[in-house]
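J.: I'll drop the sequence and a predicted model, then ask my questions.
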Amino acid sequence: MRPRLWIAIDGPAGSGKSTVARMLARRLGLLHVDTGAMYRALTLKALREGVDLQDEEALVELARRTHITLTPACSGGGVRVFLEGEDVTEAVRSPEVSRSVSLVARVPGVRELMVRWQREMAAQWGGVVMEGRDVGTVILPDAQLKVFLTASPEERARRRQQDLLAQGYRVDLERLVQEISERDRLDRSRPVAPLVPAPDAWVIDSSGLTAEEVVEMITARVLGG
């Protein structure tokens, strides 16, 4: 039986953690778990239902009655995101969801539910590369390898702009820099599970590095023991 291997990859928006985690999971034959996609799916449902994003009780109640599933993609690695059985993998990456997700993710009751579901996934699947903002500090504090991936706000905004253009959205770069900086502020200042590197995390600044180069660095450390 293959021994359990948990790899935690945390970092701010646009740091490249989703691409790196997906490629790394494929390289090592592990399953990729995108915890941020779960918060995005709940945010999408809240927006669709007109839930007040400042109403914490309403958001917790929404989370309790929401069914979110992550399913390994058939090809290319990564996961498909399902909300009440609907494939919302692309919908959760819309600019509107991106602007609102931190308001949902900061709610303690929502995070409590999500963390429980995410731990259950890791226990069920065994070997995982799990990415998010509090994987190494809260969700999988016993992960064998913890990586905190970062980059400058300008670099992260540029990457986000490219992703949005590929999806058909045109967004001003300066506006993205401002949105990313504000999201960083919200993520770092929330009272529960703020965005900080775990004390034993390997911090990698990906500015000027390709995703392939980052994956090679992490793979070398995993295989090198």
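T.: All right, it came through fine. This one's a predicted model, so the numbers in the text were calculated from it and none came from an experiment.

J.: Would you confirm that Pro197 contacts Val203?
T.: Yes: assessed by Cβ atoms under 8 Å, Pro197 is found in contact with Val203 at 5.6 Å. C-beta here means a position set from N, CA and C on the backbone, and glycine is covered the same way.

J.: intersection of neighbour lists for those two?
T.: Phe148 (Cβ atoms under 8 Å, 6 or more residues apart in numbering).

J.: Phi and psi next, for Leu42.
T.: phi -70, psi -40 (degrees, to the nearest 10).

J.: Could I get the contacting residues of it?
T.: Neighbours of Leu42 in contact, by Cβ under 8 Å, 6+ apart: 59, 62-63, 66, 68, 104, 110, 114.

J.: Comparing Pro197 and Val203, which residue is more hemmed in?
T.: More crowded of Pro197 and Val203, by other Cβ atoms under 10 Å: Pro197, with 17 against 13.

J.: Give me the phi and psi angles of that one.
T.: phi -70, psi 140.

J.: For it, which non-adjacent residue is closest in space?
T.: Closest residue in space to Pro197, ignoring its immediate chain neighbours: Phe148 at 3.8 Å, by Cβ to Cβ, 6 or more residues apart in numbering.

J.: Now do the contacts for the one you found.
T.: Per Cβ under 8 Å, 6+ apart, neighbours of Phe148: 10-11, 136, 197-198, 201-204.

J.: now, which of the residues you listed sits nearest Glu174?
T.: Gly11 (22.1 Å; Cβ to Cβ).

J.: sorry, back to before: three-state assignment of the residue nearest to Pro197?
T.: strand (DSSP: H, G, I helix; E, B strand; the rest coil).

J.: how close does it sit to Ala41?
T.: 24 Å (Cβ to Cβ, to the nearest Å).

J.: One more: Val215?
T.: 26 Å.

J.: same deal with Ser181?
T.: Relative to Ala41, and taking Cβ to Cβ, Ser181 is found at 25 Å.

J.: Give me the more crowded residue out of the two.
T.: A direct count of neighbours by other Cβ under 10 Å for Ser181 and Ala41 places Ala41 higher, at 27 against 15.

J.: need the next SSE after the helix or strand containing the more buried one, C-terminal direction.
T.: Using DSSP states H and E, the element containing Ala41 is helix 35-49. Next helix or strand after helix 35-49 toward the C-terminus (DSSP H and E): helix 56-64.

J.: Can you list the strands that the helix or strand just after that next one pairs with?
T.: As assigned by DSSP H and E, the chain's next helix or strand after helix 56-64 is strand 68-72. Sheet partners assigned to strand 68-72 using DSSP bridges are listed as strand 79-83 (antiparallel).

J.: ok, the following helix or strand past the partner strand: who's next to it in the sheet?
T.: Later in the chain than strand 79-83, the nearest helix or strand by DSSP H and E is strand 86-87. Strand 86-87 sits in its sheet next to strand 79-83 (antiparallel), going by DSSP bridges.

J.: Quick check: buried residues in the strand it pairs with?
T.: Residues of strand 79-83 classed as buried: 79, 81-83 (neighbour count, 16 or more other Cβ atoms under 10 Å).

J.: then that strand to PDB, C-alphas only?
T.: Extracted in PDB, the C-alpha atoms of strand 79-83 (Å, rounded to 0.1, in the frame of the first residue of the first chain):
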ATOM      1  CA  VAL A  79     -10.200  18.800 -10.400                       C
ATOM      2  CA  ARG A  80     -13.700  19.700 -11.600                       C
ATOM      3  CA  VAL A  81     -15.800  21.700  -9.200                       C
ATOM      4  CA  PHE A  82     -19.500  20.700  -8.700                       C
ATOM      5  CA  LEU A  83     -22.100  22.800  -6.900                       C
END
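
J.: Lovely, talk soon.
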